[in-house]
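Asks: Quick one, what's the 3D model for this:
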Amino acid sequence: GISFIQPLAFGLWYCIVWPIHHSLIHTILAPLASLACPLTPIKEHRREDGGNFIMWSGQTTDAQQQQPASTDSDVNIAADVFGHTAHIDGLASKININSALAEVQTELAAIPDTEKVAVVQAQRLKPRLLDDEHVLQFLWAENFNAHDAARRLARYWNVRYKLFGPDKFCLPMTLKGALKDDSLALSRGYVQLLPETDTAGRAVVYIDWSSHEPSVGYSEESMHRVFWYMIHVAMEDFNVLQRGIVMLIYPQEARLDQFDHSLWNVISESCKKSLPLRWRSTHIVHPNRFFSIIHPVFMSSLPKDVQERVVVHSGTKMKVLANLLRYCLPWDRIPSE
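Replies: Just a heads-up that it's a prediction; the model follows:
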C-alpha cells in the first residue's frame, strides 16, 4: 500500500499543487523585481529586527560618479528601508538648483525628437506644464543626475500620452480632469494614498489586493491611471518629493486571481522608469495562506537587488504593528484592519 500511495501523492503535488505555487511566485515576484535599481553585493549584515540579510550597493557609470548625488550603498538601502533620512537631508545643500535645472534642459535638448514626442506636444499645447517646478521633481527622483532626470522626464510624458490619450494627457491630474473617466476604478479602493506620511516624511501608498475586481467593468489602464493620480497627489507635498514613497500591501483577503501580474508590471514600470518619485521600500502585511506557504521561496527567489527593500510582516496583529513601528509606520498612521 505504501509503495503505491507515495508515488501517487508525489504525482498529485507535482501536477496540481506545484504549478499553482509556481504561478503565484512569478505573479508576485516579477513586478517587485522591476522596481529595483541595478546593484552589486557588498556584505552580510544583521537586520535591526533580527535575522541576517545581504546589503547591496549600486553600480554607476563614470558620468554618474561625477554627479554630487549619493548612490545606493549598503548604508543608503538600510536607511531607505528603516526611514533614516540623513543622506537625503544633506543632498540639497550640495546642489546648485538653478545650475541643475539648466543641465536638464541641455540634456533634454540632446534627446532625439523621436524619443520625446509627447514632451514636444506638451510644450506646444501647455508650456507651463513643463516649468522649473515640474523639472525639479525629476531631479529629486534621480538624485540630481541631470542626464537621468531628462530621460525620466521624456519617458514620463510618453507614458502619460499613451495612458491618458491625446485628449487628456495635458489635462490637470484631478478627478474632473485627466481622471474624469476613471471613477469606477477609483471607487474600488484598490490604491489609496494614506492621509498622513510615515514618521520619516514618506508618502504611504496602501494597496488592497482583495479590492481588485476588473470584472465589474474597469480596465487595467483605468486602474493604472488611478495609481498615477495617487502618486501625483502625493507629489503635492514637497517633502515627499525628497523623501519618496513606501508601499504597504495587504494581501490577506485576496484570491489567487486577484494577484494581477499584468497590472503590477505596468505599475512597477512606471515607478521604476517614469514617475518622478523615488520608491523606498515595500511592506507586505498579513500575508494570506497562499503567500504564507510560499514565503520561504518568495524571499529566497527575490532578485538580490530588491530583496532588501521588501519586508514581509506576519503574525499576530500586535506583533505586526510592533514590527511596522521599526520602519517608521506607527499604528495611528496606517489602516487598523
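Asks: so where's the stretch 151-300 of the chain shaky on pLDDT?
Replies: Along the stretch 151-300 of the chain, segments meeting pLDDT under 70 span 292-300.
Asks: All the strands of it, residue numbers only.
Replies: Taking DSSP state E, counting those that start in this stretch as the criterion, the stretch 151-300 of the chain contains strands spanning 191-193, 203-208, 245-250, 279-285.
Asks: which one of these lies closest to Gly165?
Replies: Nearest to Gly165, of all the strands of the stretch 151-300 of the chain, is strand 191-193, at 20.2 Å by CB to CB. (Glycine included, C-beta is placed from N, CA and C.)
Asks: what does that closest one rub up against?
Replies: The list of residues contacting strand 191-193 from outside it, by CB atoms under 8 Å, 6 or more residues apart in numbering, reads 203-208, 223, 226-227, 230, 233-234.
Asks: and if we set it to 7 Å?
Replies: Identification of contacts with strand 191-193 by CB atoms under 7 Å, 6 or more residues apart in numbering yields 203, 205-207, 226-227, 230, 233-234.
Asks: So which of the strands of the stretch 151-300 of the chain is nearest Ser219?
Replies: With CB to CB, the closest approach to Ser219 among the strands of the stretch 151-300 of the chain belongs to strand 191-193: 14.6 Å.
Asks: Mind listing the strands that closest one pairs with, and their directions?
Replies: strand 203-208 (antiparallel) (DSSP bridges).
Asks: coming back round to it: list buried members of the contacts of strand 191-193 by neighbour count.
Replies: Burial of the contacts of strand 191-193 was assessed by neighbour count (16 or more other CB atoms under 10 Å); the buried members are 203, 205-207, 226-227, 230, 234.
Asks: which outside residues touch stretch 201-211?
Replies: 83, 85, 188-194, 197-198, 230, 234, 239-240, 243-251, 253-254, 258-259, 280, 334-335.
Asks: And stretch 212-228, by the same measure?
Replies: Residues outside stretch 212-228 that contact it (CB under 7 Å, 6+ apart) are 163-164, 179, 182, 184-186, 188, 190-191, 258, 260, 262-263, 266-267, 270.
Asks: Now a PyMOL select for only the buried ones of those.
Replies: To isolate the buried members of the contacts of stretch 212-228 in PyMOL, using 16+ other CB under 10 Å:
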select buried, resi 163+164+179+182+185+186+188+190+191+258+260+263+266+267+270
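Asks: Restricted to helices, list the contacts of stretch 212-228.
Replies: Within these, residues falling in helices by DSSP state H are 163-164, 184-186, 262-263, 266-267.
Asks: Would you format the residues you listed as CSV with distance to Pro276 included?
Replies: Output for the ones in helices among the contacts of stretch 212-228, formatted as CSV (distance: CB to CB, whole Å):
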residue, distance to Pro276
Leu163, 15
Phe164, 16
Leu184, 27
Ala185, 22
Leu186, 22
Ser262, 24
Leu263, 21
Val266, 17
Ile267, 15
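Asks: Please identify which of those residues is nearest to Asn143.
Replies: Nearest member of the ones in helices among the contacts of stretch 212-228 to Asn143, counting by CB to CB, is Ile267, at 22.2 Å.
Asks: Can you tell me the closest non-neighbouring residue to the closest one?
Replies: Nearest residue to Ile267 in three dimensions, chain neighbours excluded: Phe227, at 5.3 Å (CB to CB, 6 or more residues apart in numbering).
Asks: what does Leu139 give?
Replies: That would be Ala149: by CB to CB, 6+ apart, it lies 4.8 Å from Leu139.
Asks: ok, the one you found - how many residues close by?
Replies: Around Ala149 there are 26 other residues, counting by other CB atoms under 10 Å.
Asks: so the helix or strand that contains it versus helix 261-269, what angle?
Replies: When elements are assigned from DSSP states H and E, Ala149 belongs to helix 146-164. Between helix 146-164 and helix 261-269, the angle comes out at 140 degrees (axes from the mean of the first three to the mean of the last three CA atoms, to 10 degrees).
Asks: related to what we said a few turns ago, buried subset of the contacts of stretch 201-211 as a PyMOL selection?
Replies: Here is the PyMOL command that selects the buried residues among those (16+ other CB under 10 Å):
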select buried, resi 83+85+188+190+191+192+193+194+197+198+230+234+240+243+244+245+246+247+248+249+250+251+254+258+259+280+334
